[in-house]
Structure formats: C-alpha cells, structure tokens
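[1] Generate a structure from the sequence data that follows.
(one chain, ligands or ions: 1)
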Amino acid sequence: MHYLVTGGAGYIGSHMVKLLLKQGFQVTVVDDLSSGHRDAVLGGELIVHDFADRALLDQLFTERNFDGVFHFASKILVGESVSNPAKYYRANSFATLTLLEAMRDHGLNHLVFSSTAAVYGEPQSIPIDEAHPKVPVNPYGASKLMVEMMMSDFQRAHGLRYVALRYFNAAGADAEGLLGECHEPETHLIPLALKAVLGKLPPLKLFGDDYDTPDGTCIRDYIHVEDLCAAHLLAMQYMKKGGDSAAFNLGNGAGYSVKQVIDTVASVSGKLVPFELAPRREGDPARLVADASRANGVLQWAPIHNDLETIIRHAWQWELKVAAQAQGKII
Ligand SMILES: NC(=O)c1ccc[n+]([C@@H]2O[C@H](COP(=O)([O-])OP(=O)(O)OC[C@H]3O[C@@H](n4cnc5c(N)ncnc54)[C@H](O)[C@@H]3O)[C@@H](O)[C@H]2O)c1
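    Next up, the predicted model:
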C-alpha cells in the first residue's frame, strides 16, 4: 500500500508519516515547507512542492499507484484568516479543489481530510456532536467547511470516498521523543506554556478568568497527536472496507481548563508557569468539548493517551530535546 500525505512535514502530518512507515506502508509526502520541517519527515520520499500544483499531481498520480491520500496541508492561523481571508480560501479551499479534481481524473477515490472543530462556530450545545449546526465564525473554519461540502458533492457526482476528521485541540508529541510540535508563530496553549517555562517565550497570556466554568477559565478538549493519527489510519481502513463517507469528531470528550493546563505544566516540568491575566478574546467560547462517540463506535477508535498529564509529559520531553539541541547538546 502506498499513501500520499500532503503536509507531512508539519506537526500532525509528520506523526502520521511515522505511523504509516511503522505499519509498513510506502509513503510519499508533498510539503512546500511553508510551515513544515524537512527533518520531521522520518522516512518515505519528501517532495518539496505546493500540493496544489496540478502538473505535479498529474505526474505523481500517473507514475505512482496510490491507495489513498491523507490531506493535512493547510494554513492554520485563525487570526490571520480573519485579517487575510483570501489567503485561507485560496490555500485551503481552492487548493483542495485542485487535489479533488486530480483525484477524480486519475480514479483515486480515498481521502482522509484534516477538518476542524472550527466548522461548528459558537457551540449551541455541549458536548458537540457531528449534527451540531455548522456556522463557522472565521474564514479558517469556513474554508474547511467548504472543503467538506466539495467532498460531499464529489462523492455524489464522482464516487469519491472521504472521511473528514474534525479535530478539537491536537496536542502532545511522539512518545519516543522523535517528533513534536513546532509552529512558527506558536498559537497553541500547551507549547506556549512550556516555552514560557523554558524562558523561550514571554509569560503566557491567560485570556479571561471570569467564564462560567468551575475555575473561570476556558475549557478545551485536548487530543494526543498519536491518537489523532491512529484515527486517520482507522478512517482509511474503514473506507477500504466499504464504509460510507462521513465526518467524525476527534476529541477526548473530557475538557480541561486553561488553569488545569497551567497546573499540569507546572507539575510535569517542576517549574512555575509564568503567566499574566489578559482580557477575554473576542469569539472565545467558554467550553469546546467533543462528542466523539461516532468515531468510537464506527471507527472503533479509542484514544490511548487520554489524560492531560501524559499529553503534557510528551510535549515537555520534546521541548527539552529542542532546547538541548539549540544549545548543541544531544539528548
Ligand atoms: N493543530 C491543531 O490543533 C489542529 C486542529 C484542527 C485541525 N487541524 C488541521 O490539521 C492539519 C495539520 O495541522 P498542523 O498543526 O500539523 O499544521 P502545520 O502547519 O504544522 O502543518 C501543515 C503542513 O502543511 C504544509 N503546507 C501548507 N500549505 C501547503 C501547500 N500549499 N503545499 C504543500 N504543503 C503545504 C506546511 O508546510 C506544513 O508542513 C491542518 O489541516 C489543520 O487545519 C489542526
């Protein structure tokens, strides 16, 4: 079996490549390294290129016999999508249309797509299941929802099989310490807190402590990156066994507050987390927690690393390794 992984040099994609290689699959990665890292691709072949180049896709799909596509490549900054929506509609929606057309024309029918909880917008009920209304409140979420709509139309018209995986908050790192999160700029809470502990970033900003939650801080659903990747493999296998195209939430169903994250980072690192209170951010709901029972039931997916301590321990191990490498030490 041979899979194409777009965005395989990025945070989640690189963990997926590692999992596929470990399972004995052949892997081709297309990543333009706009936010990814060459050394995060632990094997297979890396083609440094825009995945939405139709000529490249035609060449790849003619020369290689792919069994499916894992499509991670994307722009991912919510704030940037608000200030520069065209970039997101072009890079996420329009570029994926090119991929879908190339797959259609070459008879390639199985696609696992990285969607997001941002397709839901403001939660109207918690936990959020897949039937929840989809009213994205930013162009990032809208650009992903458009892809879901395109995939659904391609299924009807051309028989595409797809699974859209709506991740909540991807977190953690490879348990073996070979890979981890490396976004630039970093916007995710756990790496921001860990980097603040290491003095690599300024004190963490805690946006609001007067929400209607037990400790007043926002609650989010963190899912270990290895559990996310396991779900991708199950999703591909589900389609190969004839499963219908579908969307699945990926989360733990157990939310953790920002204060719980700060406390756990402190206990794992053995150091206080420097943080300062800041005003609430516009559009930040108090709680975002997934109902992932469809993925649990249909894909037989059960997260293994479903406690915050493990997620943060693995992320901390990665941050220590990166810090040591920056100082010329090998660990
Ligand atoms: N990180 C999260 O918590 C989270 C949550 C929900 C959804 N997602 C989705 O998961 C996917 C992966 O996210 P991530 O955190 O690993 O992001 P990332 O930025 O680390 O990885 C994205 C990768 O795609 C590559 N890329 C971007 N545009 C490309 C293009 N046109 N051609 C080729 N390569 C391109 C980048 O170089 C990078 O390696 C994205 O689709 C994102 O929207 C992530």
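[2] Tell me the residues of the stretch 1-150 of the chain that contact the ligand?
    Residues of the stretch 1-150 of the chain lying close to the ligand (C-beta under 6 Å from any ligand atom) are 6-7, 9-13, 30-36, 50-52, 72-74, 76, 91, 95, 114, 116. Just so you know, the C-beta spots here come from the backbone N, C-alpha and C atoms, and that holds for glycine as well.
[3] starting at the chain centroid, how far to stretch 158-167?
    Centroid separation between stretch 158-167 and its chain, computed with C-alpha atoms, centre = their mean, to the nearest Å, is 15 Å.
[4] Report the mean confidence score over that stretch.
    The average pLDDT within stretch 158-167 is 98.
[5] Give me the buried positions along it.
    By neighbour count with 16 or more other C-beta atoms under 10 Å, stretch 158-167 contains the buried residues 160-167.
[6] and it, C-alpha only, in CSV?
    Only the C-alpha atoms of stretch 158-167 are listed here, as CSV (Å, rounded to 0.1, in the frame of the first residue of the first chain):
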residue,chain,number,x,y,z
HIS,A,158,-17.9,11.1,-9.0
GLY,A,159,-18.0,8.4,-6.2
LEU,A,160,-15.2,9.9,-4.1
ARG,A,161,-14.9,8.2,-0.7
TYR,A,162,-13.8,10.6,2.0
VAL,A,163,-13.6,10.9,5.8
ALA,A,164,-13.5,14.4,7.3
LEU,A,165,-11.9,14.3,10.7
ARG,A,166,-12.9,17.3,12.8
TYR,A,167,-10.1,17.7,15.3
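[7] all numbers from here: first residue = 43
    From this message on, residue numbering opens at 43, which makes the last subject stretch 200-209.
[8] Is the ligand within reach of that stretch?
    Yes - Stretch 200-209 is in contact with the ligand by C-beta under 6 Å from any ligand atom, via Tyr209.
[9] ok, how many other residues are close to Leu314?
    Neighbour count of Leu314, defined by other C-beta atoms under 10 Å: 11.
[10] Is it correct that it is in contact with Asp305?
    No - the criterion here is C-beta atoms under 8 Å, and Leu314 misses it with Asp305 at 10.2 Å.
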